[in-house]
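okay, here's the prediction I keep looking at, along with the sequence it came from:
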Amino acid sequence: MKLAPALLFVITVHHLDPSVQAKRLQIGGKDTGIFLYPYMAAIEFAQKLIGNGAIVAQRYILTSASAVPEPHDSLYKVQLGTDVFKGPGDLYQVLTIYKHPEYIGWDYNIALLHLKDPIRYSDSVQPAIIADTFVSNLQVLLVSYGTIEAGTMHLREAIYTTSTGAECVDSLTRGLSKEIIIQEHGFCVRSPPGAEQGQWADDAGAPIVADGKLYGVFAFSEQEGKTNVGSVGTRVSAFLEWIYETMEGHA
């Protein structure tokens, strides 16, 4: 994603020229299956993939606020229990989207999708375990639906490392990106040495997990579609109070 003034950022990344859209392939990683990540949610708007999220309660999906930039909450749906976006799975209507009240297009990049109906749990549909602390220099997996060379939108996983120190801050080019790390609201999502990996706008909200726990959701890449550039995830543990209060207040 190209960084621009905050509000412009969330409006433009989902409205690329068709010739650019055709090139929006996931970079790096490998196909995986829903039974390994039964909390995965594909978020669609107007029947197109717009982001990802994780089941955290029977009527709630946790994602990044940048994954749901469009108005009209009721036009969003989430698909659960599928290896492939638009494949066999359960579709749920979004009732309301709750973005963090301090989010204006950059920091506090987290949101909850309140579903109209409760989720039916099964072997392929289960809630994530939320990590209550953050661990830096941890090897994690970023899990996301996205277009690959075959033209399908298969569930993919890619290895990254979390980073929050000076090396992370120095690797980012934008002041607003650096501030998210300094405020301990986010972390750098760093590729392994020698790996060619990158993200697109529809990777937003992708769960970032390790040892069966949800540590973050993908927020943005400083240069969408390019490999090994500054990428930032939102720390879930930094927003636990907001997450639980929001769910309890809108059961």
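Looks like it came in fine.

and this structure, what are its domains?
Listed domain ranges for the chain are 6-15+38-127+239-249, 129-237 (source: automatic domain parsing).

and the helix or strand where Thr162 lies, what does it pack onto?
Using DSSP states H and E, Thr162 falls within strand 153-163. Applying 3 or more Cβ pairs under 8 Å, 6 or more residues apart in numbering; DSSP states H and E, one finds that strand 153-163 makes contact with strand 30-31, strand 139-147, strand 186-190. In this view, the C-beta of every residue, glycine as well, is placed from N, C-alpha and C.

got TSV for these, with distance to Lys77 and mean pLDDT too?
Formatted as TSV, these follow (distance: least, Cβ to Cβ, whole Å; pLDDT from 0 to 100):
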stretch	distance to Lys77	mean pLDDT
strand 30-31	23	81
strand 139-147	13	88
strand 186-190	27	92
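
and the ones you listed, which is most packed in?
Per-stretch averages of neighbours, counted by mean count of other Cβ atoms under 10 Å, single out strand 186-190 among the helices and strands packed on strand 153-163, with a mean of 26.

list the contacts of the next helix or strand after that strand.
As assigned by DSSP H and E, the chain's next helix or strand after strand 186-190 is strand 207-210. Residues outside strand 207-210 that contact it (Cβ atoms under 8 Å, 6 or more residues apart in numbering): 37, 39-40, 52-54, 128, 135, 138-143, 160, 162, 189, 214-218, 233.

cool, and stretch 72-89?
By Cβ under 8 Å, 6+ apart, the residues outside stretch 72-89 that reach it are 33-34, 38, 40-46, 49-50, 53, 55, 61, 68, 70, 90-97, 113, 115, 119, 122, 124-125, 145, 152-155.

try it again with 6 Å
Identification of contacts with stretch 72-89 by Cβ atoms under 6 Å, 6 or more residues apart in numbering yields 33-34, 41-45, 49, 61, 90-94, 96-97, 124-125, 145, 152-155.

neighbours of Ser163, how many?
Neighbour count of Ser163, defined by other Cβ atoms under 10 Å: 18.

show the pLDDT at it.
Here, the pLDDT recorded for Ser163 equals 93.

isn't it up against Val189?
No: between Ser163 and Val189 there is no contact under Cβ atoms under 6 Å: 8.0 Å.

ranges for the helices of the stretch 51-200 of the chain?
With DSSP state H, counting those that start in this stretch, the ranges of helices along the stretch 51-200 of the chain come out as 166-171, 175-182.

tell me the most buried of those helices?
Mean neighbours per residue, mean count of other Cβ under 10 Å, is largest over the helices of the stretch 51-200 of the chain for helix 175-182, with a mean of 18.

using PDB, write out every CA atom in it.
Taking C-alpha atoms only, helix 175-182 is exported to PDB below (Å, rounded to 0.1, in the frame of the first residue of the first chain):
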ATOM      1  CA  GLY A 175       6.700   9.200  10.500                       C
ATOM      2  CA  LEU A 176       3.200   7.900  11.200                       C
ATOM      3  CA  SER A 177       4.400   4.300  10.700                       C
ATOM      4  CA  LYS A 178       7.200   4.800  13.200                       C
ATOM      5  CA  GLU A 179       4.800   6.400  15.700                       C
ATOM      6  CA  ILE A 180       2.600   3.300  15.800                       C
ATOM      7  CA  ILE A 181       5.600   1.300  16.900                       C
ATOM      8  CA  ILE A 182       6.900   3.800  19.400                       C
END
